[in-house]
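Novice: sequence-free structure coming up:
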Ligand code: SF4
Ligand SMILES: [Zn+2]
Ligand SMILES: [Zn+2]
C-alpha cells in the first residue's frame, strides 16, 4: 500500500481532516495499480463522513449564449465562433423544467444564466421564476448567475434561493490562461459574499483545461480552503469554436484519480458529477466514480449539451444501494 | 426527434446539423457520434444557426425559415 494511502486512512478516514496539497498531488500521481485502493478509500471516507445518500440535481439554462466573458472552454461566450445562439427561457417553460426535474426524484434545481453578472432584467426574471417554482413544485432552488453585488446576494436570499453556484473553474495560478475578462479573485469575492449571506456555497470547476497535475492539486487545496457545501466536478467536453475546442478529453483513469483525490481533500463536501463524465468515463466510469467518492449527480441534460437519461442514473443508484437524498432530509 | 413540418418529404438535408458543413463534403461520422450527446446547432435544410433551448429532459431547436425540431 503506498504511504499516502496509509496516511490518508488515518487522517481523512479516521479524523475527517482532508489531505493537504502535497497529499492530493501524491494521490493524483499514484500508479494505475493503486487506483482501485485509492477509490476504495475515497468511498469509505464518503460513506463515513457523508453517508450513503446521493443528492440528485437538475440544471437548466435561463439565459443561454451571448456572454461577454471569455472563459476559453465555454460555448456560450459571445466572443468565440461557437454555434450556440443567444436564447431566453420563458417562465412557464422554466416551471415545467423544474417539474420534470422533481419528477425524477431530484431535490435540487439550479437555474443558470450565461452572464458576467445579473442585470435588472435577469433579476426580475429570477424573482418571477423562483416564485413560480416555489408555488408549484416541491424542490429546492439554486442559482448560478455569475458575479454578484452584495445587493444581488441579498435579493437572492430574499427570493428563497438556498444555494449559489459559482465555480472557480481552475486553480489560481492557471486561471489567467483560461479567462482574461475577469480574475480568480473577483470570483472569490462573490463566493465570500455568498458564504456570509448564509446561502450554501457550491463551487467547483473543470479538469482538462491544460492545467498540470500539480495545478490540479493546487485547485483541490484552494477549494478545500473555501470549504464549499458542494463541489461540482466537470471534465472538459471540448466545444467547437472555443479556444479549447481541440484539447483532448481527460483520460478515464486520470478522472478517477481526481475524484478520489478531491474526496480525500474534502471528506465532508457534496462531490458532484457534473458535465463531461459521459465522454470521459462512459457508463462504467460513472459507476466507478460513485464507488470512489462521488455522492451527488446532475441528472438529465446539461446547459447546452445532453446527458444520460435520468432513469439510467437512478437505476444505477438503486443497483448500488445508494438512496436518493430525500427533500425532507435537505430542508 | 420530430422533423420540421415545412420540409418537403423525401428530400435529404444538404447541411450537417452539427458542424454546418455540406453533407456531401465527406463523412460526418464524428458529428453523428457527437450528436448523441448534443442537440443540433445548424438547420440541416438551410444552414442557418438555430435557436436551441436545452432542458433537463429534452431540447428544441428553431430555424426561422424551417420551424422547430425537438426531442
Ligand atoms: S462567464 Fe459563464 S457563460 Fe460566460 S463565458 Fe464564462 S463560463 Fe461561459
Ligand atoms: Zn458535420
Ligand atoms: Zn432552416
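Specialist: Received it, and whenever you're ready, just let me know what you need. If you're wondering where the values come from, they're calculated on a predicted model, not measured in any experiment. Numbers count the residues shown, from 1 in each chain, chains lettered A, B, ... in the order given. Ligands and ions are numbered 1, 2, ... in the order given.
Novice: Close to chain A: what parts of chain B are there?
Specialist: Applying Cβ under 8 Å from any Cβ of the partner chain, one finds that chain B approaches chain A through B:18-20, B:36-39, B:41-42, B:49-59. Just so you know, the C-beta spots here come from the backbone N, C-alpha and C atoms, and that holds for glycine as well.
Novice: Check the gap between the residue nearest the centre of chain B and residue B:58 for me.
Specialist: Per Cα atoms, centre = their mean, the C-alpha nearest to the average position across chain B is that of residue B:17, at 3.7 Å. With the distance defined as Cβ to Cβ, to the nearest Å, residue B:17 ends up 16 Å from residue B:58.
Novice: Tell me how many other residues crowd the residue in the stretch 101-250 of chain A that ligand 3 sits nearest to.
Specialist: For the stretch 101-250 of chain A, the residue positioned closest to ligand 3 under Cβ to the ion is residue A:240, at a distance of 19.3 Å. Using other Cβ atoms under 10 Å in any protein chain shown as the criterion, residue A:240 is surrounded by 19 other residues.
Novice: repeat for residue A:128
Specialist: Neighbour tally, residue A:128, other Cβ under 10 Å: 13.
Novice: Equivalent analysis for the one 3 residues further on, please.
Specialist: The number of residues packed near residue A:131 is 14, by other Cβ under 10 Å.
Novice: circling back to that earlier point, filter the residues of chain B next to chain A down to the buried ones.
Specialist: Among the residues of chain B next to chain A, those classed as buried by neighbour count (16 or more other Cβ atoms under 10 Å in any protein chain shown) are B:18-20, B:37-39, B:41-42, B:50-59.
Novice: Next step: those restricted to helices.
Specialist: Counted as lying in helices by DSSP state H, out of these, is not a single one.
Novice: And the strands in chain B?
Specialist: Here chain B has its strands, by DSSP state E, at B:51-55, B:58-63, B:67-70.
Novice: repeat for the stretch 51-200 of chain A
Specialist: A:55-64, A:87-88, A:108-113, A:140-144, A:163-165, A:200-202 (DSSP state E, counting those that start in this stretch).
Novice: buried stuff in stretch A:117-136?
Specialist: Buried, per 16+ other Cβ under 10 Å, within stretch A:117-136: A:117, A:118, A:122, A:123, A:125, A:126, A:129, A:130, A:133, A:134.
Novice: Out of the residues you listed, flag the one nearest to ligand 1.
Specialist: Compare each of the buried residues of stretch A:117-136 with ligand 1 using Cβ to the nearest ligand atom and the shortest gap goes to residue A:117, at 8.9 Å.
Novice: Hmm, residue A:145 and the closest one touching each other?
Specialist: Yes. In this structure residue A:117 lies within contact range of residue A:145 using Cβ atoms under 8 Å: 6.9 Å.
Novice: Residue ranges in the chain under the pLDDT threshold?
Specialist: With no chain named, the answer covers chain A. For chain A, the stretches with pLDDT under 70 are A:328-331.
Novice: could you do chain B instead?
Specialist: Applying pLDDT under 70 to chain B flags residues B:1-6, B:8-9.
Novice: From ligand 1, how far out is the residue of it positioned farthest from its centre?
Specialist: Counting by Cα atoms, centre = their mean, the extreme residue of chain B relative to its mean C-alpha position is residue B:56, 19.1 Å from that point. When distances are taken as Cβ to the nearest ligand atom, to the nearest Å, residue B:56 and ligand 1 turn out to be 18 Å apart.
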